[in-house]
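1. Using only what follows, build the 3D model:
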Amino acid sequence: QVQLVESGGGLVQAGGSLRLSCAASLRTFSRDTMAWFRQVPGKERELVASIMSSRFTNYADPVKGRFTISRDNAKNTVYLQMNSLKPEDTTVYYCAARDPVLSTEYTYWGQGTQVTVSS
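-> Numbering: from 1, shown residues only. Next up is the predicted model:
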């Protein structure tokens with residue numbers, strides 16, 4: 001059974017930093033596209049950042065220059081380094097994975113980790 005387990009969320013003051021981790025039990029991890037999403041209640045889920053097997057990365061405009069996504073294929077783990085956090089970054093962050101050979105949609109999801117940024 002595939003599992004994505006996020007960790008690293010918490011409470012931080014505005015301007016601070018957090019690093020989220022997502023450990024994935026995926027046999028195809030090294031070729032999978034990994035991503036971080038977030039969803040504020042009442043709004044659509046937002047792609048925050050993604051990273052391909054080639055390590056090509058993509059970021060949502062609101063987080064460009066502040067967040068960095070990376071991956072460690074030896075550990076089957078993807079990270080999201082979040083710097084210069086703002087109160088509007090407060091929400092639940094989800095890790096997701098897809099095999100680009102099989103799907104254009106993200107197939108696997110974690111349970112989410114709460115990030116709260118105080119002003």
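
2. Make sure residue 37 is indeed in a helix.
-> No. Assessed with DSSP: H, G, I helix; E, B strand; the rest coil, residue 37 is strand; it does not lie in a helix.

3. Look up which residues are beta-bridged to it.
-> residue 47, residue 94 (DSSP bridges).

4. how much space between it and residue 85?
-> 17 Å (C-beta to C-beta, to the nearest Å). In this view, the C-beta of every residue, glycine as well, is placed from N, C-alpha and C.

5. And the pLDDT for the residue lying closest to residue 46 once chain neighbours are set aside?
-> Once flanking residues are discounted, residue 46 sits nearest to residue 38: 5.5 Å by C-beta to C-beta, 6 or more residues apart in numbering. The model reports residue 38 with a pLDDT of 97.

6. again with residue 102
-> pLDDT, residue 102: 88.

7. what does residue 111 give?
-> If you check residue 111, the pLDDT there is 96.

8. Not counting sequence-adjacent ones, nearest residue to it?
-> residue 6 (6.8 Å).

9. Which strand or helix spans that neighbour?
-> In this structure, residue 6 sits in strand 4-7 according to DSSP states H and E.

10. Go through that strand and flag the buried ones.
-> Residues of strand 4-7 classed as buried by neighbour count (16 or more other C-beta atoms under 10 Å): 4, 6.

11. Which neighbouring elements make contact with that strand?
-> strand 18-24, strand 91-98 (3 or more C-beta pairs under 8 Å, 6 or more residues apart in numbering; DSSP states H and E).

12. what would the ones you listed look like in CSV with mean neighbour count and mean pLDDT?
-> Output for the helices and strands packed on strand 4-7, formatted as CSV (neighbours: other C-beta atoms under 10 Å; pLDDT from 0 to 100):
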stretch, mean neighbour count, mean pLDDT
strand 18-24, 20, 98
strand 91-98, 22, 97
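
13. I'd assumed residue 23 was in contact with residue 5.
-> Yes. With contact defined as C-beta atoms under 8 Å, residue 5 reaches residue 23; the gap is 4.9 Å.

14. Great, nothing more from me.
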